[in-house]
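Peer 1: after the sequence you'll find the predicted model.
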Amino acid sequence: MQLIFLLINVASYTICTLNDKKTVSRGGLSGSEFTFFISASTAAFMLPCLPFLHLRAALCPQTFGISALLVANKLCEFYTAAVCLSVLSAFEVKAWLGLAMFLSYGADCAIFGEAPSAAKLACLPFALAGLALIASGSGDTNGSGGRRKLTRGELLRLIPAMALYIFAKFSYGLIMRAGEPYLSKNTGLFISMLALTAIMAVAIFPKRAEGDLLKRLYLANERPCDYAVFKKMLLIVFLTRLPNIAGLLAENALIGMSLTLYSFVQPLILVTLFFITIAKRERFTAKNLLGSLMCVGAIAMFQIFSII
């Protein structure tokens, strides 16, 4: 049963990452639009699950403060994810996200008193070297399946976006940990998704809505696709949250069963995305391939050392 939950978790998050990349690239979704549709669909699919989830919230100023931090955190995560996915592959984004794992380990040592491990720290230089090699050829695939160099403008958008994305993923755990005495994880997530949906609806939709809202939204920005494809991409964004909810529930179940297996979720997603990239026959330079292997290996060994 533990292995089943592990496979569900890995498969669900891998599907979500690949579909998010597809919708951002083909649908031309902006960060604000991506944030709205992600938060709205997550809240919609969480709603029927609420009776089966652990919900708890204290009526106090701390609860409102933690909720506000979660809204800001998820806004930063979703918005910057759209920026990163618009120019990088799903594998590259996940590889860079591996840095959040090392930041979390540093926080555990500095804040929560965990003893530093030389073996774990030794994995960091290999991960950084791998990421440097990946970055040397980062960029979307061109029409022939090869890699194209990022433009200066794309780099100027990508660097701060990636830094904020990594920080958002890293700080999410700290916020949840600090808020545990006041509200449960599921309650905080649902409240933040509802609030973010309302905020982003005001931001992206016209105040005087007349006619087809989606059509007006489509025409508001330049798109790389026609209206029919745009609507299809929005549907994919919405439906992708269904496996995402399955992944969240499987993740919670796995945490309760085995923290050892749970620690392998992110490395397995990275490995899965790597082999999917290979299967799609995207061309790598020798440096890109070496960097990918180094990054996957460093993150996997870090988790193994955590268990040992």
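Peer 2: Thanks, I have it.

Peer 1: going by C-alpha atoms from here, please, whenever you check contacts or count neighbours.
Peer 2: Will do.

Peer 1: okay, and the helix or strand of this protein with the least pLDDT?
Peer 2: Using mean pLDDT, DSSP states H and E, the weakest-scoring helix or strand in the chain turns out to be helix 259-262, at a mean of 61.

Peer 1: and for residue 96, nearest residue in space, chain neighbours not counted?
Peer 2: Leaving aside its sequence neighbours, residue 96 sits nearest to residue 131 (Cα to Cα, 6 or more residues apart in numbering; 6.7 Å).

Peer 1: show me what contacts the one you found?
Peer 2: 95, 96, 291, 292, 295 (Cα atoms under 8 Å, 6 or more residues apart in numbering).

Peer 1: farthest pair within those residues?
Peer 2: 96 and 291 (11.4 Å; Cα to Cα).

Peer 1: pick out whichever of these two has more residues nearby.
Peer 2: residue 291 (24 against 21; other Cα atoms under 10 Å).

Peer 1: shouldn't that one be in contact with residue 132?
Peer 2: Yes: at 7.2 Å, residue 291 and residue 132 qualify as touching, with contact defined as Cα atoms under 8 Å.

Peer 1: residue nearest the centroid of the chain?
Peer 2: residue 81 (6.5 Å; Cα atoms, centre = their mean).

Peer 1: which SS state does that residue fall under?
Peer 2: Under DSSP: H, G, I helix; E, B strand; the rest coil, the three-state class of residue 81 is helix.

Peer 1: helix or strand for the closest residue to it other than its chain neighbours, which one?
Peer 2: What sits nearest to residue 81 in space, not counting adjacent residues and going by Cα to Cα, 6+ apart, is residue 165, at 6.4 Å. Per DSSP states H and E, residue 165 falls inside helix 152-179.

Peer 1: in that helix, which residues are buried?
Peer 2: Residues of helix 152-179 classed as buried by neighbour count (16 or more other Cα atoms under 10 Å): 158, 161-162, 164-172, 175-176, 179.

Peer 1: kindly report the same for stretch 301-308.
Peer 2: If you call a residue buried by 16+ other Cα under 10 Å, then stretch 301-308 has these buried ones: 301, 302, 303.

Peer 1: wait, is residue 113 part of a helix?
Peer 2: No: using three-state DSSP, the secondary structure at residue 113 is coil, not a helix.

Peer 1: circling back: which residues touch the residue nearest to the centre of the chain?
Peer 2: 31, 161, 162, 165.

Peer 1: give me the neighbour count for residue 94.
Peer 2: So residue 94, with other Cα under 10 Å, has 21 neighbours.

Peer 1: neighbours around the nearest residue to residue 128 once chain neighbours are set aside, how many?
Peer 2: Leaving aside its sequence neighbours, residue 128 sits nearest to residue 295 (Cα to Cα, 6+ apart; 7.6 Å). By other Cα under 10 Å, the residues close to residue 295 number 30.
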